[in-house]
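Asker: Pasted the sequence and its predicted model underneath.
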Amino acid sequence: MYGTEAAEVYDLLHRARGKNFEDEAEAVLELALGRRPAADSLLDVACGTGAHLRVFGKRFDQVAGVDLSAAMLDLAGARLPEAELTQADMRDFSLGRRFDVITCLFCSIAYVRSTGELEQALRGFARHLTPGGVTVVEPWWFPERFTPGYIAADVVREGGRTVSRVSHASRIPAGSRMEVHYLVAEEDSGVRHFQEEHLYSLFSRQEYEAAFDRAGFDVEYVPDAGRGLFTGVLRG
């Protein structure tokens with residue numbers, strides 16, 4: 001989960017690393033609307049700062065977001081004051097309404113700790129979808145594609161602020177661990193350091209597909225140059 005310090009530099013750093021929230025959202029829309037052309041409502045689970053949700057809001061009459069991080073939701077609320085935003089865990093949230101489309105992007109689904117929790121989260125998605133609704137989920141790396149020891153390093157300058165991010169990925173018994181260190185230098189306040197640890201489960205493609213099936217979805221994996229996307233259409 002991202003704290004206040006990381007949330008403040010989140011979009012800046014990821015855009016500098018080549019992440020294009022707009023293009024990603026458009027690709028997700030193409031998948032979702034290809035399966036549910038008349039969809040007019042969307043819920044983004046683990047919505048973060050609302051960068052994807054802002055794009056979705058241009059297409060859907062009703063958009064909402066769920067995230068566990070209060071700091072991320074504060075930024076999303078400033079960006080999308082009209083959206084319904086809720087602080088909640090993807091494994092057990094309850095909004096009391098349904099949507100035509102649910103998204104869960106940027107490998108956030110891998111924060112669940114077991115295949116049982118994966119299925120629990122997907123069943124929650126199913127409860128919040130209209131009949132025939134669509135979910136689009138971006139996984140973390142499959143075990144055979146994960147690279148232990150991978151190091152990423154980035155430096156971004158914006159105005160009077162410079163941000164450096166260094167991360168190291170490793171295998172652990174429960175899956176994978178990413179240690180991230182940040183240095184933020186500002187003209188007025190000097191240099192500060194903070195760090196985070198992210199634990200991601202390494203589910204296989206077959207484990208994802210089985211969880212989707214048990215949760216009531218017809219599932220398809222759409223590969224791409226990155227981690228790919230799972231699309232699930234709710235049966236019945």
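Answerer: Done, it's in. A quick note: this is a predicted structure, and the numbers were derived from the prediction, not measured.
Asker: which stretches of this structure have low pLDDT?
Answerer: Applying pLDDT under 70 to the chain picks out residues 1.
Asker: just checking, next helix/strand downstream of the longest helix anywhere in the chain?
Answerer: Looking only at the chain and at elements set by DSSP state H, the helix with the highest residue count is helix 21-35. Stepping forward along the backbone from helix 21-35, the first helix or strand reached (DSSP states H and E) is strand 41-45.
Asker: what's the next helix or strand after that following strand in contact with?
Answerer: Beyond strand 41-45 on the C-terminal side, the first helix or strand identified by DSSP H and E is helix 51-56. For helix 51-56, the external contacting residues (Cβ atoms under 8 Å, 6 or more residues apart in numbering) are 11, 21-22, 24-26, 28-29, 42, 44, 47, 63, 65, 76, 79-80, 83, 103, 105. C-beta coordinates here come from the backbone N, C-alpha and C atoms, glycine included.
Asker: Make a PyMOL selection of the buried ones in those residues.
Answerer: To isolate the buried members of those in PyMOL, using 16 or more other Cβ atoms under 10 Å:
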select buried, resi 11+21+24+25+28+29+42+44+47+63+65+76+80+83+103+105
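Asker: Can you show me the strands along the protein?
Answerer: Counting by DSSP state E, residue ranges of the strands within the chain are 41-45, 62-67, 84-87, 99-104, 129-137, 151-158, 161-172, 175-186, 190-200, 217-222, 229-234.
Asker: Measure how buried the closest residue to Ala110 other than its chain neighbours is and give me the count.
Answerer: Taking Cβ to Cβ, 6 or more residues apart in numbering as the measure, Ala110 lies nearest to Trp140, with 3.4 Å between them; neighbours along the chain are not counted. A count of nearby residues for Trp140, using other Cβ atoms under 10 Å, gives 23.
Asker: Quick check: Trp140 touching Gly228?
Answerer: No: contact between Trp140 and Gly228 fails when scored by Cβ atoms under 8 Å: they sit 10.7 Å apart.
Asker: hey, what's Ile151 bridged with?
Answerer: On DSSP bridges, the residues paired with Ile151 through beta bridges are His168.
Asker: which residues does it contact?
Answerer: Listed by Cβ under 8 Å, 6+ apart, the contact set of Ile151 reads Val166, Ser167, His168, Ala169.
Asker: Can you select the buried ones from those in ChimeraX?
Answerer: In ChimeraX, the members of the contacts of Ile151 classed as buried (16+ other Cβ under 10 Å) are selected with the following command:
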select :167,169
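Asker: ok, the contacts of Ile151 vs Glu186, which is closest?
Answerer: When the contacts of Ile151 are compared for distance to Glu186 (Cβ to Cβ), Val166 comes out closest, at 18.6 Å.
Asker: which residue sits closest to the residue in the chain sticking out farthest from the centre, ignoring its sequence neighbours?
Answerer: For the chain, the C-alpha lying farthest from the average C-alpha position belongs to Asp188; by Cα atoms, centre = their mean, that distance is 33.2 Å. On the basis of Cβ to Cβ, 6+ apart, the spatially nearest residue to Asp188 that is not a chain neighbour turns out to be Gly160, at 7.3 Å.
Asker: The one you found against Ser189, yeah?
Answerer: No: using Cβ under 8 Å, Gly160 makes no contact with Ser189, being 9.9 Å away.
Asker: what residues does stretch 174-182 touch?
Answerer: 5-6, 9, 110, 113, 140-141, 146, 148, 163-171, 193-202.
Asker: now the residue lying closest to Ala88 once chain neighbours are set aside: how far from Phe142?
Answerer: Setting aside the residues directly before and after it, Ala88 is nearest to Val66 in space (Cβ to Cβ, 6+ apart), at 5.1 Å. With distances taken as Cβ to Cβ, to the nearest Å, Val66 is found 25 Å from Phe142.
Asker: Fine, thanks again, bye for now.
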